[in-house]
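>>> Task: produce atomic coordinates for the following.
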Amino acid sequence: MIAHLRGTLLSKHPNQVVVETAGVGYDVNIAVPTFSELPANGSEVALHIHTHVREDVIALYGFLRPAEKALFEKLMTVSGIGAKLAITILSGMAADDMAAAIRGNDLARLTKIPGIGKKTAERMVLELRDKLPPVAGTSTPTAPAMSAMEEDVLSALMNLGYQRATAEKALAAALKNTKSGSFDAIFREALGGLSK
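Here you go, the predicted model:
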């Protein structure tokens, strides 16, 4: 069972990449948001992998963040949603937005995703609403004002493609774990936390 791949990005397309690891090229299915965050061909890349095995196919599905992989795997537990439809769903909406739509019973937003009809959207809400983590920002007290340096770290993380809520959590954890108050130390700690 392949769970993680780190290697050289040989080629990339909106729904598929080839990653070379130890001389072997792995064909990995990806969602469009993952494609838009990938580095240039020839760069090193690390992907969290879901290995999907059926009697006629072994397919790899790759994600830059563990939360996206977890959402993909949860989507496949919904009756009527297989791996191909799950990756299409993740291409149709950002993971955080989808979790918010499912928890908020927002069928109108879910049915805008290609391949999702009203019945599938209803099943997604019914079967996943209580299994998804609460959406950041709901019923949480307003955060205290950040220092300029903390704002810079947050901005740098968001420029790398992380959602604001995710970046804020990583920043908060980094501030607790870092003795040094320098931008470099806090940024590295936050990035380390996000890549786990």
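
>>> ok, which stretches of this protein are strands?
4-13, 16-21, 24-29, 44-53, 58-63 (DSSP state E).

>>> To Gly104, which of the ones you listed lies closest?
Gly104 lies closest to strand 58-63 among those, at 23.4 Å (Cβ to Cβ). The C-beta positions use only the backbone N, C-alpha and C, and glycine is treated the same way.

>>> quick one: contacts of the helix or strand of the chain with the lowest mean pLDDT?
Lowest mean confidence among the helices and strands of the chain (mean pLDDT, DSSP states H and E): helix 148-159, at a mean of 78. Here helix 148-159 makes contact (Cβ atoms under 8 Å, 6 or more residues apart in numbering) with 146, 164, 167-168, 170-171, 174-175, 181, 183, 186-187, 190-191, 194.

>>> Looking at the residues you listed, spot the one nearest Gly117.
Arg164 (31.2 Å).

>>> How much space separates the closest one from Ala108?
24 Å (Cβ to Cβ, to the nearest Å).

>>> What pLDDT does the model give the residue nearest in space to the middle of the chain?
The residue lying closest to the centre of the chain (Cα atoms, centre = their mean) is Glu68, at 3.0 Å. Note for Glu68: predicted pLDDT of 90.

>>> what's the nearest residue to it if we skip its chain neighbours?
Ala95 (5.0 Å; Cβ to Cβ, 6 or more residues apart in numbering).

>>> Tell me how many other residues surround the one you found.
A count of nearby residues for Ala95, using other Cβ atoms under 10 Å, gives 22.

>>> Just list the residues touching it, thanks.
33, 65, 67-68, 71.

>>> can you pick the most crowded of those?
Ranking the contacts of Ala95 using other Cβ under 10 Å puts Leu71 first, with 23 neighbours.

>>> Show the model's pLDDT score for the closest residue to that residue other than its chain neighbours.
The shortest distance from Leu71 to any non-neighbouring residue, by Cβ to Cβ, 6+ apart, is to Ala95 (5.1 Å). We note a pLDDT of 82 for Ala95 in this prediction.

>>> Same check on the one 5 residues further on?
Looking at Ala100, its pLDDT is 88.

>>> can you check the one 5 residues further on too?
You'll see Asn105 listed with a pLDDT of 88.

>>> ok, Val78 touching Arg129?
No. Counting by Cβ atoms under 8 Å, Val78 sits too far from Arg129 to count as a contact (11.1 Å).

>>> For those two, indicate the residue with more neighbours.
Val78 (20 against 13).

>>> rewinding a little: quick check: which of the strands of the chain is buried the most?
strand 58-63 (a mean of 20; mean count of other Cβ atoms under 10 Å).

>>> what lines up beside that one in the sheet?
Using DSSP bridges, strand 58-63 pairs in its sheet with strand 24-29 (parallel), strand 44-53 (antiparallel).

>>> Return the distance of the last one from the chain's centre.
The one in question is strand 44-53. 12 Å (Cα atoms, centre = their mean, to the nearest Å).
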